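1. Return a 3D structure for these sequence lines:
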Amino acid sequence: MTIIDNSALITETRNNWMRLQTLVALRWIAVLGQTVAILIASKWLSLDLPIDLCFTAIGASVAFNLVAMAIWPRGKRLSDPLAGTMLLFDLFQLSVLLYLSGGLSNPFSILMLVPVTISATALSLRATAVLGVIFIMMITTLIWFYLPLRTLNGNIIQQPSLLIFGNWTALVTGFSFLALYARRVTVENFSMSEALAATQLALGREQRLTSLGGVIAAAAHELGTPLATIKLTASELADELIDQPELAKDAQLIRSQADRCRDILRDMGRSGKEDMHVKTAPISSLIEEAAMPHLDRGKRVIIRIDGDPLSQNSPDQPLVWRRSETIHGLRNLIQNAVDFAVDAVWVDVDWNDAKISVRIGDDGTGFPAEVMGKIGDPFVGRRHRRKRAGYEGMGLGLFIAKTLLERTGAELTFSNGQTGEHDLPIELSSPTGAIVTVIWDRKTLQTPDSKARPALGANTRIES
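-> Coordinates of the predicted model:
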């Protein structure tokens, strides 16, 4: 069973996302745009702007960039407070330019949204809230305090107060919507990327364990005969050296060490099983392998093939690919069922000419109604997490299972069983709690020669 530390994957713990080079490059673009806008307004549109003060404000951005590039390397990752300070400087610089060029009457006042939107996508919620409050204070101040636009003839270009107030309202509304939208999308993308990284980690571990298990099983199989020979020879030597106690004792030691080597190989190789199907296996063997880590956790795991709990060795079973994604995905689903089951977990395997399905259910309380539409998404919010007997999950296990199984071509559906009393034996009962159904196209999961090859049967123990 793969255990992953979720603390490193929580969105609130991220920091040092933004590079200094990114903000410096954006500020250079802003400097160029502001310079061009001032020159066009003064030369072509004949507006009487305080050119010296405007270029002083632009020069402050240039100086800020040069100082930042001199102090820190270009690839520096900015901490949350430092990035927030830089964006706060950009807000002040834009406010000064707007003060000098008509306030909220200036159509370029919409650029005030840029720093707060960047903050919403890259900084913490606290930093974004602080910048948002300062942003609202600045644009509110610009309603009353600004230098009006004048032409070279001295005419004042002044918008009606109602239109200025409308611009203020549009800016506040735009900030609220853009910040909320950008942050929601960024948080979801971050959660998804971190969950996918956890999925790749789990899959890589499963692949390594699968490969290692095959190597160990092959080694155990190959070493079985030599170890048996050593044990037999040591036993014969011990019998022949009965009149030489010291040598007989050494022969007995050799025999005991051969037994110990056999036991070590047995423990390392999937409970001492010889892997007869490293790449392919009957569907029942695949399910048994996925369920193996959870068979001794105090809950009964009942595997039923085509509705019959006694037909695991049926020769009619499909021979399927033994992929790490399939094994680990089913294992996570079975683990989730065992976690929330009261007494039993049922794993039903069925097939027809077109489909192969695996249904995993338990006798627990089922999926809560409020999270039914969110199952399979990582990092479900705290109020939506499944809880039972002190257990609280983040949805990462189900996300990993869903992602891995969908990579194999499976479709997953989540539902709850029907509660009520059942008179049937537990082996023939139906799940009353959460149910996950996994369905593959048969040609996707089944090997091409499934009909030509019989089931390999149960794995055998390595005997001396």
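2. Now do the strands in the stretch 351-464 of the chain.
-> Assigned by DSSP state E, counting those that start in this stretch, the stretch 351-464 of the chain shows strands spanning 355-362, 387-388, 391-392, 411-416, 434-441.
3. ok, and what's touching the fourth one?
-> When contacts are taken as Cβ atoms under 8 Å, 6 or more residues apart in numbering, the neighbours of strand 411-416 outside the stretch itself are 366-367, 372, 375-376, 401-402, 405-406, 433-440. Just so you know, the C-beta spots here come from the backbone N, C-alpha and C atoms, and that holds for glycine as well.
4. Try it again at 7 Å.
-> With contact meaning Cβ atoms under 7 Å, 6 or more residues apart in numbering, strand 411-416 is reached by 366-367, 372, 375-376, 402, 405, 433-439.
5. Rebuild the strands of the stretch 351-464 of the chain as a markdown table, extending it with mean pLDDT and mean neighbour count.
-> Output for these, formatted as a markdown table (pLDDT from 0 to 100; neighbours: other Cβ atoms under 10 Å):
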| stretch | mean pLDDT | mean neighbour count |
| --- | --- | --- |
| strand 355-362 | 93 | 22 |
| strand 387-388 | 44 | 12 |
| strand 391-392 | 44 | 10 |
| strand 411-416 | 90 | 16 |
| strand 434-441 | 93 | 21 |
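6. Same list (those) but as CSV, adding distance to residue 72.
-> Output for the strands of the stretch 351-464 of the chain, formatted as CSV (distance: least, Cβ to Cβ, whole Å):
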stretch, distance to residue 72
strand 355-362, 53
strand 387-388, 45
strand 391-392, 41
strand 411-416, 47
strand 434-441, 50
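7. Please report phi then psi for residue 156.
-> Backbone geometry at residue 156, expressed as degrees, to the nearest 10, gives phi -90, psi 130.
8. Tell me the spacing between the residue nearest to it when sequence neighbours are not counted and residue 80.
-> Spatial nearest neighbour of residue 156, excluding adjacent residues (Cβ to Cβ, 6 or more residues apart in numbering): residue 148 at 5.1 Å. Applying Cβ to Cβ, to the nearest Å, the value for residue 148 to residue 80 is 38 Å.
9. Of these two, give the one with the bigger neighbour count.
-> Set residue 148 next to residue 80 and count neighbours by other Cβ atoms under 10 Å: residue 80 wins out with 18 against 12.
10. looking at it, that one is touching residue 126, isn't it?
-> No - Residue 80 is beyond contact range of residue 126, at 8.2 Å (criterion: Cβ atoms under 7 Å).
11. Pop the domain breakdown of this structure in here.
-> 13-159, 203-268, 280-445 (automatic domain parsing).
12. from the ones you listed, which stretch is densest packed?
-> Among those, ranked by average contacts under mean count of other Cβ atoms under 10 Å, first place goes to domain 280-445 (a mean of 18).
13. distance between that domain and the chain's centre?
-> 20 Å (Cα atoms, centre = their mean, to the nearest Å).
14. Start and end of that domain, how far apart?
-> 10 Å (Cα to Cα, to the nearest Å).
15. need the strands for the stretch 201-350 of the chain, in chain order.
-> 280-282, 300-305, 319-321, 344-351.
16. Alpha carbons only: can I get stretch 42-54 in PDB?
-> The C-alpha trace of stretch 42-54 is given here as PDB (Å, rounded to 0.1, in the frame of the first residue of the first chain):
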ATOM      1  CA  SER A  42       1.500  64.900 -26.000                       C
ATOM      2  CA  LYS A  43       2.700  65.100 -29.600                       C
ATOM      3  CA  TRP A  44      -0.200  63.600 -31.700                       C
ATOM      4  CA  LEU A  45      -3.200  64.200 -29.500                       C
ATOM      5  CA  SER A  46      -2.100  67.700 -28.400                       C
ATOM      6  CA  LEU A  47      -2.700  67.100 -24.700                       C
ATOM      7  CA  ASP A  48      -1.000  69.300 -22.200                       C
ATOM      8  CA  LEU A  49       0.600  66.800 -19.900                       C
ATOM      9  CA  PRO A  50       3.200  67.400 -17.100                       C
ATOM     10  CA  ILE A  51       5.800  65.600 -19.200                       C
ATOM     11  CA  ASP A  52       8.600  66.000 -16.600                       C
ATOM     12  CA  LEU A  53       6.500  64.500 -13.800                       C
ATOM     13  CA  CYS A  54       5.200  61.700 -16.000                       C
END
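17. Other residues contacting it?
-> By Cβ under 7 Å, 6+ apart, stretch 42-54 touches 38, 41, 97, 100-101, 147, 149-152.
18. pLDDT of it, averaged?
-> Averaging pLDDT along stretch 42-54 yields 89.
19. can you check stretch 57-74 too?
-> For stretch 57-74, the per-residue pLDDT averages 92.
20. Pull the distance from it to the chain's centre.
-> Centre-to-centre, stretch 57-74 and its host chain are 38 Å apart (Cα atoms, centre = their mean).
21. for stretch 250-259, same thing?
-> Per Cα atoms, centre = their mean, the centroid offset for stretch 250-259 relative to its chain is 50 Å.
22. and the residue nearest to residue 156, what pLDDT?
-> Residue 148 is assigned 89 on the pLDDT scale.
23. again with the one 4 residues further on
-> Note for residue 152: predicted pLDDT of 83.
24. now do residue 26
-> 92.
25. Ok, residue 203 next?
-> So, for residue 203, pLDDT stands at 63.
26. can you check the one 3 residues further on too?
-> Reported pLDDT at residue 206 in the predicted model: 60.
27. do residue 421 as well
-> 56.
28. And the one 10 residues further on, by the same measure?
-> According to the model's per-residue confidence, residue 431 sits at a pLDDT of 90.
29. quick one: contacts for it?
-> Applying Cβ under 7 Å, 6+ apart, the residues near residue 431 are 346, 361-363, 417.
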